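>>> could you work out the structure for the sequence below:
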Amino acid sequence: MAYTTIDDPSVYFQTLLYTGDDNNNRALTNDGNSDLQPDLVWIKNTSGGTKSHQLVDSSGGVTKYNFTDDNSAETTLTNRLDSFDSDGFTTDNHSSVNASDREYAAFQWKANAGTTTSFTESGNNPGGTHQANTTAGFSIVRYTGTGAIGTVQHGLGKKPFWMLGKRLESDDNWSMYHESKGATHRWKINEAGAAQDTDSIFNDTEPTSSVFTLKTNNEVNGDGEPYVAYCWSAVQGYSKFGSYEGNGDADGPVVYTGFTPAWLMIKVYNGNTGGWDMYDSARAADVIFNNNEEMLQANASALETSNDAVQFLSNGFKIRNTTGNQNGDGNSHVYF
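Prediction:
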């Protein structure tokens, strides 16, 4: 295994699978010996009727929701999560999070236990708060735009490799940065389209160890508008972000990460369209020896489907099918 400063990854990320019971104030506890108080909870039902991906974070609080398969404004809801707990979270009985006999997957990242650091507006630079976990390379940023080119502090102490952000009070697309394509491109996780070559989002300026740059597009930096951005940096032996080329063969490429992935998202690019395909080790029957069959798509409310696309390995993952989304011959793909 690659050298890493993180002895127990489950302290910083876990996937919790659970069956709904239609009860209010239901405390859900993470598995294993490591307590994880989550700061970003991403919930998706995997059985029953279709429901949106539910994203809620401890900086905004348990009543504020965004949806990766939708461009709608942040929504205030009081009947889904009740609290972020020391070893999990508590739900109410809404069908998006806890309907009777419906199956759910909850992806959880730890930032700073809800404690934020404020940064003030300076010149054209938006002010706001960040809640950062520099060990695991994850931060939650909430800021107010200025309508002028400026920088936003992310708190990671090193360059982000993946950033996912959205305007909160308007129906706008998500804007995503991925290091493999760089700041000259913007992705939309709520759509299946290719990366957009534009300077209107990140001003063609790469993020640094302290800030990311925004231009004047209202989707990321409207004057007086509120925004959220989730930021991840790469941590050796724990998280990795990159790209690979498809070969169109069932004996597909092996992607080295240096660890067994617990969560994986793949997106085809180079002019091709395709969903944001999500896999995790918790829903795989046998992670190392069998294919990870169950796939969700971040841009779709659909239930999980089986496609046998990915096999998790002890040091990375291998692509096992020939579809264009994961392994089209000559297709390029980014991964998270």
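
>>> when you work out contacts or count neighbours from here on, use the C-alpha atoms and nothing else.
Fine.

>>> give the other helices and strands that the longest strand along the chain contacts.
Taking DSSP state E as the criterion, the chain has its longest strand at strand 305-313. Contact here means 3 or more Cα pairs under 8 Å, 6 or more residues apart in numbering; DSSP states H and E; on that basis strand 305-313 packs against strand 292-297, strand 316-319.

>>> return the most buried member of those.
Highest mean neighbour count of the helices and strands packed on strand 305-313: strand 292-297, a mean of 23 (counted as mean count of other Cα atoms under 10 Å).

>>> residue farthest from the centroid of this protein?
The C-alpha centroid of the chain is most remote from residue 123, which lies 30.6 Å away (Cα atoms, centre = their mean).

>>> tell me where the stretch 51-200 of the chain has helices.
95-98 (DSSP state H, counting those that start in this stretch).

>>> hmm, I typed the wrong one, I wanted the stretch 201-336 of the chain.
For the stretch 201-336 of the chain, the helices defined by DSSP H, counting those that start in this stretch cover 218-221, 324-327.

>>> okay if I get those helices as TSV plus mean pLDDT and distance to residue 181?
Formatted as TSV, these follow (pLDDT from 0 to 100; distance: least, Cα to Cα, whole Å):
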stretch	mean pLDDT	distance to residue 181
helix 218-221	97	18
helix 324-327	88	17
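
>>> of these, which is nearest residue 59?
Each of the helices of the stretch 201-336 of the chain has some distance to residue 59 by Cα to Cα; the shortest is helix 218-221, at 18.3 Å.

>>> how far out from the middle of the chain is the closest one?
With Cα atoms, centre = their mean, to the nearest Å as the basis, helix 218-221 stands 19 Å off its chain's centre.

>>> picking that back up, what about the helices and strands packed on strand 305-313, which gets the closest to residue 328?
Nearest to residue 328 among these is strand 316-319; the distance by Cα to Cα comes to 10.6 Å.

>>> from the chain's centre, how far out does the closest one sit?
Relative to its chain's centre, strand 316-319 lies at 19 Å (Cα atoms, centre = their mean).

>>> quick one on the thing from earlier: now the helices of the stretch 201-336 of the chain in CSV, with distance to residue 135 and mean neighbour count?
Formatted as CSV, the helices of the stretch 201-336 of the chain follow (distance: least, Cα to Cα, whole Å; neighbours: other Cα atoms under 10 Å):
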stretch, distance to residue 135, mean neighbour count
helix 218-221, 27, 25
helix 324-327, 30, 24
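
>>> in JSON lines: the ones you listed, plus distance to residue 148.
Shown next, in JSON lines, are the helices of the stretch 201-336 of the chain (distance: least, Cα to Cα, whole Å):
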{"stretch": "helix 218-221", "distance to residue 148": "7"}
{"stretch": "helix 324-327", "distance to residue 148": "37"}
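
>>> among those helices, which is nearest residue 136?
Among those, helix 218-221 sits nearest to residue 136 (Cα to Cα), with 25.2 Å.

>>> is it true that residue 332 touches residue 242?
No - with contact defined as Cα atoms under 8 Å, residue 332 and residue 242 do not form a contacting pair (10.7 Å).

>>> what is in contact with those two at once?
Shared contacts of residue 332 and residue 242, defined by Cα atoms under 8 Å, 6 or more residues apart in numbering, are absent.

>>> quick revisit: mind putting the helices and strands packed on strand 305-313 in CSV, mean pLDDT included?
CSV is the format used below for these (pLDDT from 0 to 100):
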stretch, mean pLDDT
strand 292-297, 84
strand 316-319, 94
